[in-house]
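**Q** My questions are about this predicted structure, shown below with the sequence.
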Amino acid sequence: MRNLPTLIGFSAVLMWSSLALFTAASGVVPPFQLSAICFLIASLIGLSVMLRQPRRFRTLRQPIKVWALGLFGLFGYHFLYFTALRNAPAVEAGLIAYLWPLLIVVGSALLPGERLTWKHIVGALMGLAGTALILLNGAEGGLGGGSVIGYGAAILCALTWSGYSLLSRQFGETPTDVITGFCLLTAVLSLLCHLALETTVWPGNVSQWLAVIGLGLGPVGLSFYAWDHGVKNGDIQVLGVSSYAAPLLSTLILIVFGYGEASVAIALACLLITGGALLAAYDMLRGKKTK
């Protein structure tokens, strides 16, 4: 039965939709420092399970290319994401970063056994149109107000996670326990970068500490284990389509909690990005092969 693994994988999508909220609520903790704290918490989740069954530590013996891919995806994506949220309005930066589901669909169509169709092309153009709408209607005056770094980081963020996800298909037999190692190494690397490049700034109050802990437990913790289990044991097509709910849910959560304001531009951008992704995944939704 693949229903339970699919549901577990979908829980990762729900957790990722809270990433922008927790990041925005975590105060002004520098990106590398925030990454170090969150990934340490994430690694403790896996270690707590593996310590009960020490033989599972053997699964950490993986080729260098597996570790390199894990660090590229986890460390690279989250550093860019935190940087984007620190240098651009949360709603706009979050939406741009969540172009990764669309990029995964378009990119996967170019993999062996697949082909690019007009749906993928139109879907990609819709996503780009939504991104352009966000850039032109940013809360800080489009590209002004020092937001160029934030918007650029958000774009690189989307490219990094989509690239990591597509390349991960080559390592389908890698056990989920290796995610623990990815998180621990990312925490160490983030700490080294923090010590070399940043000034330490701790969360200023209880609510900010709770937001940081929430990041490590959910969207930067359990989500990776859940997603890995889901894509390896569940219905990967359903999981791929479900990931397109993340940008809309993320934006709605930010607006509800006061980190963004509802507007026609944001609504149109949500429709364009999510609609473009669904169009690109139309054949997957129907269970139709595009070979």
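**A** Everything's here; your move.

**Q** Ramachandran angles for Tyr244?
**A** The phi and psi values for Tyr244, taken as degrees, to the nearest 10, are phi -70, psi -10.

**Q** whoops, I mixed them up, Ala226
**A** Residue torsions, per degrees, to the nearest 10, at Ala226 are phi -60, psi -40.

**Q** how many neighbours does it have?
**A** A count of nearby residues for Ala226, using other CB atoms under 10 Å, gives 23. All C-beta atoms are positioned from the backbone trio N, CA, C, and that covers glycine.

**Q** nearest spatial neighbour of it, skipping sequence neighbours?
**A** Ala12 (4.3 Å; CB to CB, 6 or more residues apart in numbering).

**Q** Also Thr131?
**A** What sits nearest to Thr131 in space, not counting adjacent residues and going by CB to CB, 6+ apart, is Ile96, at 5.6 Å.

**Q** related to what we said a few turns ago, roughly how far apart are the residue nearest to Ala226 and Leu252?
**A** With distances taken as CB to CB, to the nearest Å, Ala12 is found 18 Å from Leu252.

**Q** And for Leu19?
**A** Counting by CB to CB - Leu19 and Leu252 are separated by 14 Å.

**Q** For the two, indicate the residue with more neighbours.
**A** Here Leu19 and Leu252 are compared on neighbour count by other CB under 10 Å; more neighbours surround Leu19, at 25 against 16.

**Q** I'd say the more buried one and Ala84 touch.
**A** No: using CB atoms under 8 Å, Leu19 makes no contact with Ala84, being 11.0 Å away.

**Q** picking that back up, verify the stated contact: the residue nearest to Thr131 with Ala153.
**A** No: distance between Ile96 and Ala153: 9.2 Å, which falls outside the contact criterion (CB under 8 Å).

**Q** more neighbours, those two?
**A** Taking other CB under 10 Å, Ile96 and Ala153 do not tie; Ile96 has more neighbours (28 against 24).

**Q** remind me which residues of the stretch 101-250 of the chain are low pLDDT?
**A** Across the stretch 101-250 of the chain, the stretches falling below the confidence threshold (pLDDT under 70) are 111-114, 135-146, 236-237.

**Q** Now with 80, please.
**A** Filtered on pLDDT under 80, the stretch 101-250 of the chain yields the residue ranges 105, 108-116, 120, 131-147, 168-172, 231-242, 244-248.

**Q** can you give me the strands in it?
**A** With DSSP state E, counting those that start in this stretch as the criterion, the stretch 101-250 of the chain has no strands.

**Q** So which residues of it form helices?
**A** Using DSSP state H, counting those that start in this stretch, the helices of the stretch 101-250 of the chain run over 118-136, 148-167, 178-197, 206-217, 223-233, 236-242, 245-256.

**Q** The last one versus helix 118-136: what angle between them?
**A** Looking back up the chat, that one is helix 245-256. Between the axes of helix 245-256 and helix 118-136, defined by axes from the mean of the first three to the mean of the last three CA atoms, to 10 degrees, the angle is 20 degrees.

**Q** Which parts of helix 245-256 count as buried, going by neighbours?
**A** Buried residues in helix 245-256, defined by neighbour count with 16 or more other CB atoms under 10 Å: Ala245, Ala246, Pro247, Leu248, Leu249, Ser250, Thr251, Leu252, Ile253, Leu254, Ile255.
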